[in-house]
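**Q** let me see the structure of the following:
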Amino acid sequence: IKANGSHFFDDFQDRYRTDWVFDYSRIEQDSSTFYNPNYCELLSNHYNIGRHLGNMEVYSIAIMDSILVNETIPPMLVKYTLSQCLDQIYSEAPWDIIQKNSQEYLHLFPSSELPSHLMQKYSIDPSAINDVLLVNPQGQSTTLQDVLGRLYGKEVVLDVWASWCSPCMEKIKAEKEKRERQKRKGVEYVFITFMDNEADWKKRIVELGLEQEEHCYFTTNSQTSQWFTDMKISSIPRVIRYNKAGVIIGQEM
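**A** The predicted structure is shown next:
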């Protein structure tokens, strides 16, 4: 951090006094609902802290605390910064990184309820980490394990895509006739999303004609599901082929 010792906080306030309204009493209550979304960006731009906010490989609550502890910064500002960091991790990181940083945060603030609050805020269900939670266009919920179980005895093509992925959509459009031919031979197609937005997904499946597919699903836990980690899915498109015994026989990028 490029800061001038005890002048760090005064300078920060003076620089953004007209643009930034901040209530410290609310921070003391440890509620993430009062976070100022511009805070980390401002701190990043002017105090060279962004590399720790954006790089998940080196990014951790412990690292951030070790940086802040060497500066003359009010404890509430330190806590606020670390809380913002934890919120970002919960919104973007896989489950193992979430767990690691929650432990680091609670080591610093043992009585904090923030990790529990963020679990609810981002609808993270630890009991579902080992499965892929799905919902169809009609709002009916299921899991990938259940879907593949119902299709046991058939060849299955699992297409992992997203509404923001242009190569995914081009592939889906280009292979429409091929899918129809394969379906007539008994092959089943399953579409699931990866790191997508449900509202965008609903619009896109209409454009692509996927709303007519029997097995078209939005994934509600692709960020935290261990399945995506085990399958080493960090980019899409990805096509996974299963034989009639439910065994993976091939993958395509």
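**Q** what residues of the longest helix along the chain count as buried?
**A** In the chain, ranked by residue count with DSSP state H as the criterion, the top helix is helix 75-92. By neighbour count on 16 or more other Cβ atoms under 10 Å, the buried set for helix 75-92 is 77-90. (Glycine included, C-beta is placed from N, CA and C.)
**Q** check stretch 163-182 too.
**A** Using 16+ other Cβ under 10 Å as the test for burial, stretch 163-182 gives 163-165, 168-169, 171-172, 175.
**Q** for the protein, give me the ranges with low pLDDT.
**A** Within the chain, the stretches falling below the threshold (pLDDT under 70) are 1-59, 67-68, 70-73.
**Q** what ranges do the strands span in it?
**A** Chain-ordered strands for the chain, with DSSP state E as the definition, fall at 133-135, 141-143, 156-161, 188-193, 218-219, 238-242, 248-252.
**Q** now, of those strands, which is deepest in the fold?
**A** Across the strands of the chain, the average number of neighbours (mean count of other Cβ atoms under 10 Å) peaks for strand 218-219, which reaches a mean of 24.
**Q** that strand packs against which elements?
**A** Helices and strands in packing contact with strand 218-219 are listed as strand 133-135, strand 188-193, helix 198-208; criterion 3 or more Cβ pairs under 8 Å, 6 or more residues apart in numbering; DSSP states H and E.
**Q** could those go into JSON lines alongside distance to Ser66?
**A** What follows is the helices and strands packed on strand 218-219, written out as JSON lines (distance: least, Cβ to Cβ, whole Å):
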{"stretch": "strand 133-135", "distance to Ser66": "36"}
{"stretch": "strand 188-193", "distance to Ser66": "37"}
{"stretch": "helix 198-208", "distance to Ser66": "38"}
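**Q** compare these and give me the one nearest Thr219.
**A** strand 188-193 (4.7 Å; Cβ to Cβ).
**Q** which strands and helices sit next to the closest one?
**A** Of the remaining helices and strands, those touching strand 188-193 by 3+ Cβ pairs under 8 Å, 6+ apart are helix 144-150, strand 156-161, helix 176-184, strand 218-219.
**Q** any idea which of the ones you listed gets closest to Lys100?
**A** Distance to Lys100, taken as Cβ to Cβ, is lowest for strand 218-219 among the helices and strands packed on strand 188-193, at 23.1 Å.
**Q** count of neighbours near the nearest residue to Ile124 once chain neighbours are set aside?
**A** The shortest distance from Ile124 to any residue that is not its chain neighbour, by Cβ to Cβ, 6 or more residues apart in numbering, is 5.5 Å, and that residue is Thr224. Using other Cβ atoms under 10 Å as the criterion, Thr224 is surrounded by 24 other residues.
**Q** got the contact list for Thr224?
**A** By Cβ atoms under 8 Å, 6 or more residues apart in numbering, the residues touching Thr224 are 94-95, 98, 124, 129.
**Q** ok, Lys202 next?
**A** Taking Cβ under 8 Å, 6+ apart, we find Lys202 in contact with 137, 218.
**Q** where's Tyr242 relative to Lys154, distance?
**A** Remark: distance between Tyr242 and Lys154 (Cβ to Cβ, to the nearest Å) = 9 Å.
**Q** next one: Gln138
**A** According to Cβ to Cβ, Gln138 stands 22 Å off from Lys154.
**Q** more neighbours: which of these two?
**A** Lys154 (14 against 6).
**Q** is it true that the more buried one touches Lys185?
**A** No. With contacts counted by Cβ atoms under 8 Å, Lys154 stays clear of Lys185, the gap being 10.3 Å.
**Q** please report how far Tyr242 lies from Tyr152.
**A** Spatial separation of Tyr242 from Tyr152 under the definition Cβ to Cβ is 9 Å.
**Q** enumerate every residue touching Pro167.
**A** 236-237.
**Q** likewise for Gly246?
**A** Contact analysis of Gly246 by Cβ under 8 Å, 6+ apart lists 148, 152, 156.
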